[in-house]
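> Sequence below, structure please.
(one chain, ligands or ions: 1)
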Amino acid sequence: MSALLYIECSPRRADSFSSQAAAIYLDALPKGVTVEHLDLFAANLPEFDAVAAAAKYKVMGGKPLNPAEESAWSKVIALVDGFKAADHYLIAAPMWNFGVPYKLKQYIDLITHPGLTFIPRPDGMEGLAGGDAVVIYSRGGNYGPKDGQPDPYDHQSPYLQAWLELVGVSPVVEVAVEGTMRPPAGAQNRLDGVRVRLKELAAGIDGG
Ligand SMILES: Cc1cc2nc3c(=O)[nH]c(=O)nc-3n(C[C@H](O)[C@H](O)[C@H](O)COP(=O)(O)O)c2cc1C
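Alright, predicted model coming up:
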């Protein structure tokens, strides 16, 4: 058995291109893969507020936490444990204002801490999560390379690549559903371009 964590980042559910692309992938997974679904807009994520931030700095400094900080930090640990339990990750993320939706950023801020998801080493960062990832992007426009150069407005892919590297998730395969707000309208037109690739990637997961 292997475990896959599906992180759904669009609130649009059935209307969402990224969620529909994720469903194609999930439907093609081998039988032995168990799927944990984290719907970020339904998850009621805790705030990473002043108390949580104080707890983080105290933990980093080896100082004791007060009860409110203990409570905030226990929620962080639970989310980190859930994240690290996976062998594989599927992240389905819309582009919002050139980057990722704020709920994904909130989740990343909640689970990314030294000693929990990475360790600073003299020669760089050691990621503690492990596993590999497929990341699906959906974008109203087109953000592929221009004249052989990365699109400077794409803050989605470079950011998620950097974060996944930090926490030790590798390799990362990206699949983009682009031009979703441009004609021709209709999900099928957009999804047909990625359907075969998504099924191939899912079939390549080891079901144990
Ligand atoms: C708040 C918000 C911001 C958006 N910002 C961008 C953007 O910067 N660039 C872009 O191409 N599309 C943008 N869009 C369009 C979405 O990327 C597009 O509709 C995509 O298909 C959404 O993913 P989903 O279908 O999985 O929900 C934005 C949509 C919303 C709701």
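> quick one: secondary structure of P64?
coil (DSSP: H, G, I helix; E, B strand; the rest coil).
> Going forward, the N-terminal residue is numbered 33.
Got it, first residue is 33 now, which makes that one P96.
> any idea how far the ligand is from it?
Using Cβ to the nearest ligand atom, to the nearest Å, P96 is found at 41 Å from the ligand. C-beta coordinates here come from the backbone N, C-alpha and C atoms, glycine included.
> Spatially, and excluding backbone neighbours, which residue is closest to that residue.
Nearest non-adjacent residue to P96, counting by Cβ to Cβ, 6 or more residues apart in numbering: K90, 7.2 Å away.
> which outside residues touch the helix or strand harbouring that neighbour?
Assigned by DSSP states H and E, K90 falls within helix 82-93. Contact partners of helix 82-93, identified using Cβ atoms under 8 Å, 6 or more residues apart in numbering, comprise 78, 96-97, 100-102, 104-105, 107-108, 142, 145-147.
> who wins for most neighbours among these?
Neighbour counts for those, by other Cβ atoms under 10 Å, peak at A104, which reaches 23 neighbours.
> what pLDDT does that residue get?
Looking at A104, its pLDDT reads 98.
> for the one 4 residues further on, same thing?
Model confidence at V108, expressed as pLDDT, equals 98.
> Reduced to three states, what does it come out as?
Going by three-state DSSP: V108 is helix.
> Return the set of buried residues in stretch 121-139.
121-128, 131-133, 135-139 (16 or more other Cβ atoms under 10 Å).
> Which ones among those residues map onto strands?
121-126 (DSSP state E).
> can you tell me which of the buried residues of stretch 121-139 are up against the ligand?
By Cβ under 6 Å from any ligand atom, the members of the buried residues of stretch 121-139 lying near the ligand are 126-128.
> so which of the residues you listed comes closest to A194?
Checking these against A194 with Cβ to Cβ, the nearest one is M127 at 16.3 Å.
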